[in-house]
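J.: Show me how the following folds:
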Amino acid sequence: MSNSVLLAVNGTLMRGLELNSNLQQVGATFVKATQTAPVYRLWSIGDSYPAMQRVATAGQAIAVEVWAVPAAGLCEILQQEPAGLCIGKVALADGEVVLGVLAEAVICQDQPEITAWGGWRAYIARPASASVQSTLGC
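T.: Prediction:
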């Protein structure tokens with residue numbers, strides 16, 4: 001793993017989701033499912049993908065997957081991510097700090113916050129009635 005970097009992913013790059021093949025195509029291997037330290041918030045961007053930001057207050061733990069990514073493939077993965085997502089340092093619940101997918105603040109503006117769901121997978125699995133209630137502010 002010396003030529004690999006650990007990358008925490010929190011959305012569509014996760015196992016079984018639509019962009020996971022981007023990781024597999026560069027030879028990344030799954031390491032573990034875990035959570036971040038409770039210092040992040042999460043938004044849904046057009047209900048297409050999540051955007052995670054580190055915050056000073058009111059943060060929560062967010063479900064992530066950690067992957068070992070060949071260093072040469074990291075740039076390719078980042079180039080395939082939507083505009084406004086970037087790579088930064090992510091603190092995990094166990095105190096480990098790894099690289100991870102984060103979001104620029106600008107893409108979160110006017111988007112629904114989904115932190116309470118604890119992660120993208122839980123958010124997209126929510127009952128349809130919860131989606132309507134969230135939209136209506138109930």
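J.: low-scoring pLDDT stretches of this structure, where are they?
T.: Within the chain, the segments meeting pLDDT under 70 span 1-2, 129-138.
J.: try 90
T.: 1-2, 127-138 (pLDDT under 90).
J.: What are the phi and psi values at I77?
T.: For I77, the backbone dihedrals are phi -60, psi -50 (criterion: degrees, to the nearest 10).
J.: all strands of the protein, in order?
T.: For the chain, applying DSSP state E gives strands covering 4-9, 29-35, 40-45, 49-54, 63-70, 85-91, 97-103.
J.: nearest to A125, of those strands?
T.: strand 63-70 (11.5 Å; CB to CB). To be clear about C-beta, it is placed using only N, CA and C from the backbone, and glycine gets the same treatment.
J.: Name every strand pairing with the closest one and say which way it goes.
T.: Sheet pairing of strand 63-70 (DSSP bridges) gives strand 4-9 (antiparallel), strand 29-35 (antiparallel).
J.: Next, format the strands of the chain as JSON lines and append mean neighbour count.
T.: Formatted as JSON lines, the strands of the chain follow (neighbours: other CB atoms under 10 Å):
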{"stretch": "strand 4-9", "mean neighbour count": "22"}
{"stretch": "strand 29-35", "mean neighbour count": "15"}
{"stretch": "strand 40-45", "mean neighbour count": "21"}
{"stretch": "strand 49-54", "mean neighbour count": "23"}
{"stretch": "strand 63-70", "mean neighbour count": "21"}
{"stretch": "strand 85-91", "mean neighbour count": "17"}
{"stretch": "strand 97-103", "mean neighbour count": "20"}
